[in-house]
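**Q** Next input, structure requested:
(chains A, B and C)
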Amino acid sequence: MDYLNMNLWQVRDKLNSGEITSVELTKKCFQRIKDTNDLNALISTCEEFALASAKKIDEARANGAKLGALAGIPIVIKDNINLTGTKTTCASKFLANFVSPYTATCAQKLIDAGAVIIGKANMDEFAMGSSNETSAFGIVHNPVNPNYVPGGSSGGSATSVASNQCFGALGTDTGGSIREPSSFCGIVGLKPTYGRVSRYGVVAFASSLDQVGNLTRSVRDSAIMLGVIAGEDKHDMTSSAKEIPDYEQAITGSVKGLKIGIAKQFFNDKLNSEVRESLDKAIQTYVDNGAEIVNIDLPSLDTALAVYYIISSAEAASNLARFDGVKYGVQAKNFNDIVDLYFKSRTQGFGKEVKRRIMLGNYVLSSGYFDAFYRKAKRVQKVIQKEFEQAFKKCDLIVCPTTANPAFKIGEKSNDHLAMYLTDIFTVPINIAGLPAMSIPCGKNKDGLPIGMQLIAPQWKETTLFNAGDFLEQAIKEGLK
Amino acid sequence: MKYETVIGLEVHSELNTDTKCFCGCKNHFGGEPNTHCCPVCTGMPGALPMLNKKAVEYAIKMGLAVGCSINEYSAFERKNYFYPDLPKAYQISQMEHPLCMGGGVEIEVNGKKKFIRLNHIHLEEDAGKLIHTNNGTMIDYNRGGVPLIEMVSEPDMSSADEAIAFLQKIRSIVLYLGISEAKMQEGNLRCDVNVSIRKEGEPLGTRTEMKNMNSFRAVARAIRSESQRQAEELDAGHKIVQETRRWDDNAGKSYSMRTKENADDYRYFPDPDIIPIEVEKEYVEHIATTLPKLATERAKEYVEKMGLSYNDAELLTQDRKIADYFENVIKTFNQPKYVCNWILGEVFKKLNSLDNEDAEIDISPENMAKLLQLYHSETIGQATARQLLDEIWGTDKNPEIIVKEKGLAQNNDTAGLEEVLKKIIADNPKAVQELKAGNQKTMQFFVGQAMRATSGKCNPKLVNEIVNKLIK
Amino acid sequence: MPKIDVNEARKLAKLSRLEFNEDELTNFVQEFDKTLEYMDTIKKVDTSNVDLHEKTINAKKQLREDAVQESFTQEAIIANAPQSEDGAFAVPITVEEGE
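**A** Numbers count the residues shown, from 1 in each chain, chains lettered A, B, ... in the order given. Modelled structure (predicted):
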């Protein structure tokens, strides 16, 4: 029985029935991690902690105790999420020795639901990147084809899930960092509505855009995980008190009457033809099963990327200023005085991309440029938000490609930062508008590289995503495409 | 005067909430370093701020007390700069949309009343504390994150006296509201001063900012020193450099800290971790009903209900702690005018002699009432009363017991005193002549003599009466 | 179209507390120029009707009650400090006053 190939919900049943214990399952995962070490998906593992958790769950299960939704299931979390006692490096030299003194709310919720956290996933440094090539702990390889990037910044999370090292992973998504790697690796990636999941304990990149989400092998798995991590947190003022629906129940098996919005701005001539074909097939499947297509207009969509880089860099420059070599992290060895200490620690600790964004961020916040860039960007953000609001008056769901092209080769874009930024062109508008979105695999190109379709819903309507996503997933399995 | 001085003040007051501004750590003065801390107030990766409801309430309270309008929409911004006492490398403060706008207070200097306008009041967090040693600098974040209100005045003051009067008024109100301990020496009331000078009729001159004054007196000295320095500079044909200067009270001088060019751009922007506050009218109205009676109201009560003079009532109510004390004393000893005179006289004298601006009356109201009872009933005389005040200051001692033990009671035995005085009169005919001639000062001589004869235990008032009776 | 020169880049680096050598700065300026050009595209959007103070999504009315929560231990707070002494973080002598 290849347990590792199962979906989360399937292995949950196996655990419940007693067919396998959590300890056995966890051990298998660790073996798998060793066997796929070359992919470099994880920065650290916590074998002792994991096996102890697994054992406790097995005992509780044997005693007939009431168990949480993820009881005994091995999960990976991105290495920018604090977990007491583990190193939380954010894939940076700066935090190479930082041991978390506290646990992020989202991680705590996993633990409270019985999850067995087995490791911390590799990522782009401080979540800034789209290919997982900026990590100070080595690049991550796409398990579908190791010569290709897995995407980023949650590249390690995606690779870990896609290579069956775990049954689900937490990632963070600021401009596409969950959806893009999910698309490249052929798995399901969910970015919830901004405020759905607490950010407390998650190392901040761009505070008004960051959101914790999940990467899984099926849509149902994603629904299960969201049900665990969602919720208001008094530690996070931006988290919402909105009630949490039963996400698994939202999967009805039908898309009759679903109004799907198609925007020409997402389907321009720059789109890769294979991606186009794959999307067209998927959309047709929806239509064949009772959904209808509505044309919508998102005229300011092409400015979203610029807005994103202005806002995210500004917030990042401020958020990363706390890394000064005084309170934690790596301190420079030789310095003359406190000012020198700051300069040297930061210069030695941060990678090139991080430095670039900090400089950009400070530029757009400087007096003299603040109004023209930062403030203007915030205004354009509102315009984009309103355009989506208008679109959702006419439809329930917007469908588009997750990325214009499938995964690219390692090293292909790492020297052209603008080209790298452009890979986020379809994912970034969603963060700007604060909407929930999911990437699901909808095909492969001729080289076998996965193609991802992005489903976008109005705020708080993750239920629509799960229902429509699961429908297509089943349809593809049954060869309806 | 050749130049007139223009002064603006930025006053910071630490709020005495139970917890810090953005986390639930205890807001507590002292303790071992870094023992009232958490990931939020030490700027750990992933930490987020949680705004303290009470801090907002206190800021609004202050705004209402000084006549500010309370903004319906208020937001927090990040003030970004690097300094070891700032754990996040930014301070959460307010800039474009502070909680309170406008307002002001009336001050009185040398009989002249003046209204000093406020620009605004905003809420922000305090930084940690740096402790300098020979080997290096140590950082304690216990104070980091404590809520502060910053009250910024318009440049309406024109002398050190006016600045001090303003500070005293602000301090008085803050104490009346009970929102801060307001002790400059403990650092929970701080003041930065902006000074510029100009010839009459000319536009505002370049201003300098002064920091590091730890008492009202230091503020006054700093203002005087700076306005003189600027005058000397201008007279010498130099321009005033816009800069921040550090006041050294021991040296009586200030030193340049940094000029505008050297200072980093703060890059203020709205803090994305803190949702802007929507301050509802009903909430503000509710806070208004919880405002305690402020000085002017209390003073009015003292005048109308207790028959105190307006001046006395004003002096008594300037400091809430004094007014509270007064009211506590008259609970036991209900002689408002008498108590008022005593406090404004002997007690204030005692306080001034202590050379500590933050000094408080260190005798329980009950014991003070007892002391005054003894004095009022003429059981003891003025000299003894003063002596007792000194003796029981800072202690729990009951003055009644001391009087008994030390036998300090005044001798009010008229007959016995008359005998003594008859002898003194007989021995001092010249003095009697002078007294009869109308020289009232001579009475003091008789009182002095009587004191000697009775070992200090006679009642001067009685001496007066008896002598006058005898010489008729 | 805003252009940034090496001097401005140097100032930015200081603001960011980052050190670059001359080559890196020149490189940075070239890349930055491209990025700035791209970001300039937001100018074309008409934002005259935008009210930035409109009630935000997720507007939260409940603020935190002023109730003391247990703090972390001193040990936990300084556990990751590169240098510490007697429970305090240690840095080289810092002369100038803060704010």
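**Q** What segments of the stretch 201-350 of chain B are strands?
**A** B:208-211, B:243-248, B:253-259, B:269-270, B:277-278 (DSSP state E, counting those that start in this stretch).
**Q** for the record, mean pLDDT for the last one?
**A** Pointing back at strand B:277-278 there. Averaged across strand B:277-278, the pLDDT comes to 90.
**Q** Just checking: what are the partner strands of it?
**A** strand B:73-74 (antiparallel) (DSSP bridges).
**Q** what do you get for the longest one?
**A** In its sheet, strand B:253-259 lies beside strand B:243-248 (antiparallel), with partners assigned from DSSP bridges.
**Q** Around B:Asn341, how many other residues sit close by?
**A** 15 (other C-beta atoms under 10 Å in any protein chain shown). C-beta coordinates here come from the backbone N, C-alpha and C atoms, glycine included.
**Q** oh sorry, the question was meant for A:Gly231
**A** Neighbours of A:Gly231 (other C-beta under 10 Å): 18.
**Q** which residues touch the residue nearest to A:Phe388 when sequence neighbours are not counted?
**A** Closest residue in space to A:Phe388, ignoring its immediate chain neighbours: A:Ala433 at 4.6 Å, by C-beta to C-beta, 6 or more residues apart in numbering or on different chains. Neighbour list for A:Ala433: A:384-385, A:388 [criterion: C-beta atoms under 8 Å, 6 or more residues apart in numbering or on different chains].
**Q** roughly how far apart are A:Ala433 and A:Thr403?
**A** Shown here: A:Ala433 relative to A:Thr403, a distance of 18 Å by C-beta to C-beta, to the nearest Å.
**Q** and what of A:Lys56?
**A** 41 Å.
**Q** Where does the prediction get shaky in the chain?
**A** I'll assume chain A. Counting by pLDDT under 70, chain A contains low-confidence residues at A:480-481.
**Q** switch to chain B, that's the one I care about
**A** In chain B (pLDDT under 70), the answer is B:1, B:258-262, B:411.
**Q** Give me the domain ranges for it.
**A** Domain assignment of chain B by automatic domain parsing yields the ranges B:4-285, B:293-406, B:414-470.
**Q** Comparing those, which comes out most buried?
**A** domain B:4-285 (a mean of 20; mean count of other C-beta atoms under 10 Å in any protein chain shown).
**Q** Which secondary structure elements does the lengthiest strand in chain B sit against?
**A** Counting by DSSP state E, the longest strand found in chain B is strand B:112-125. Contacts defined by 3 or more C-beta pairs under 8 Å, 6 or more residues apart in numbering or on different chains; DSSP states H and E place strand B:112-125 against helix B:53-65, strand B:90-93, strand B:100-101, strand B:104-109, strand B:147-153, helix B:160-177.
**Q** who does the fourth one pair up with?
**A** Paired strands of strand B:104-109, with direction, are strand B:112-125 (antiparallel) (DSSP bridges).
**Q** neighbouring strands for the very next helix or strand once past the strand it pairs with, and are they parallel or not?
**A** Toward the C-terminal end, the helix or strand that comes next after strand B:112-125 (DSSP states H and E) is strand B:129-132. Taking DSSP bridges as the criterion, strand B:129-132 sits next to strand B:137-140 (antiparallel) in its sheet.
**Q** if we can go back for a sec, with neighbour numbers in mind, choose between A:Lys56 and A:Thr403.
**A** A:Thr403 (28 against 16).
**Q** on that earlier part again, same list (the helices and strands packed on strand B:112-125) but as CSV, adding distance to A:Asn145.
**A** Formatted as CSV, the helices and strands packed on strand B:112-125 follow (distance: least, C-beta to C-beta, whole Å):
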stretch, distance to A:Asn145
helix B:53-65, 55
strand B:90-93, 43
strand B:100-101, 62
strand B:104-109, 71
strand B:147-153, 55
helix B:160-177, 68
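**Q** Give me the contact list for stretch B:306-313.
**A** B:298-300, B:302-303, B:316, B:330, B:336-337, B:340-341, B:344.
**Q** That one: end-to-end distance?
**A** 10 Å (C-alpha to C-alpha, to the nearest Å).
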